[in-house]
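Asks: please find the sequence and the predicted model below.
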Amino acid sequence: MTPISLVDGDVRFVADFLTRAESDARLAVLLDLVEWEQHRIRIRGREVASPRLSAWYGDPEAHYSYSGLSLEPRPWLPPILELKRRVESVCSSTFNSVLLNLYRDGSDSMGWHSDDEPELGAQPVIASLSLGATRRFRLRHRRRKDLEPVAIDLEGGSLLVMQGETQRFWRHQIPKTRRAVGPRINLTFRRIC
Ligand SMILES: O=C(O)CCC(=O)C(=O)O
Ligand SMILES: [Mn+2]
């Protein structure tokens, strides 16, 4: 994995973790098999429809809450478990849950946030696997306005791992794009303590 140079953070990246063919095949399977839902999330006290579809899978005890939402995990599906094992083989952590996000087109997005919920622990390892269309991922330091934001194009088959102090000091987002882009699935593997 290639380290991305980041003050106060530890981010690593593999552009071709899966081949294009593997990535496209898994995209098709997961589009079909996953029970996609449009969650309602809480932003500044208001409940709104999330601008993407999502699903939460994991071990039975892996309860998770984010953006005012409380999620019960669905039981693992074999193709997701297979990806989890492959991701674990290059990470310094094992995972008991995964949040899947489906960005149907360029108008789906994810706003600025950190994955810093208490149940993720102090220095969470979050492994983010992308399938399908390339989307831009941005990182911005919470306090240091002098630091340039970081942009990484996440292609299908790429793996990005955020660990150490990254969630404490940095926020990240997937902005909307006007480019015509097809569907993208992102799996963020996590360990709920
Ligand atoms: O889609 C992505 O690459 C980012 C997903 C993400 O940040 C999350 O699920 O918390
Ligand atoms: Mn995140």
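Replies: Yes, it's here. Since we're looking at a predicted model, the values are computed, not measured. Ligands and ions are numbered 1, 2, ... in the order given.
Asks: the closest residue to ligand 1 within the chain sits in which helix or strand?
Replies: Residue of the chain nearest ligand 1, by CB to the nearest ligand atom: residue 186 (3.3 Å). All C-beta atoms are positioned from the backbone trio N, CA, C, and that covers glycine. Secondary-structure assignment from DSSP states H and E places residue 186 in strand 184-190.
Asks: just to revisit the earlier point, neighbours around the residue of the chain closest to ligand 1, how many?
Replies: Neighbours of residue 186 under the rule other CB atoms under 10 Å: 24.
Asks: the strand holding residue 186 - contacts with which helices or strands?
Replies: Identification of packing neighbours for strand 184-190 by 3 or more CB pairs under 8 Å, 6 or more residues apart in numbering; DSSP states H and E yields helix 20-33, helix 78-88, strand 97-103, strand 126-132.
Asks: apply 6 Å and report the result again.
Replies: Using 3 or more CB pairs under 6 Å, 6 or more residues apart in numbering; DSSP states H and E, the elements in contact with strand 184-190 are strand 97-103, strand 126-132.
Asks: show me what from this protein comes close to ligand 1.
Replies: Within reach of ligand 1 by CB under 6 Å from any ligand atom, the chain has these residues: 99, 101, 110, 115, 128, 137, 154, 172, 174, 186, 188.
Asks: report the contact partners of the second one.
Replies: The contact partners of residue 101, by CB atoms under 6 Å, 6 or more residues apart in numbering, come to 52, 54, 186.
Asks: test my guess that the residue of the chain closest to ligand 1 contacts residue 132.
Replies: No. The criterion here is CB atoms under 6 Å, and residue 186 misses it with residue 132 at 8.8 Å.
Asks: quick revisit: parallel or antiparallel, list what pairs with the strand holding residue 186.
Replies: strand 97-103 (antiparallel), strand 126-132 (antiparallel) (DSSP bridges).
Asks: hey, which of the helices and strands packed on strand 184-190 is tucked in deepest?
Replies: When the helices and strands packed on strand 184-190 are scored by mean count of other CB atoms under 10 Å, the highest mean neighbour count falls to strand 126-132 (a mean of 26).
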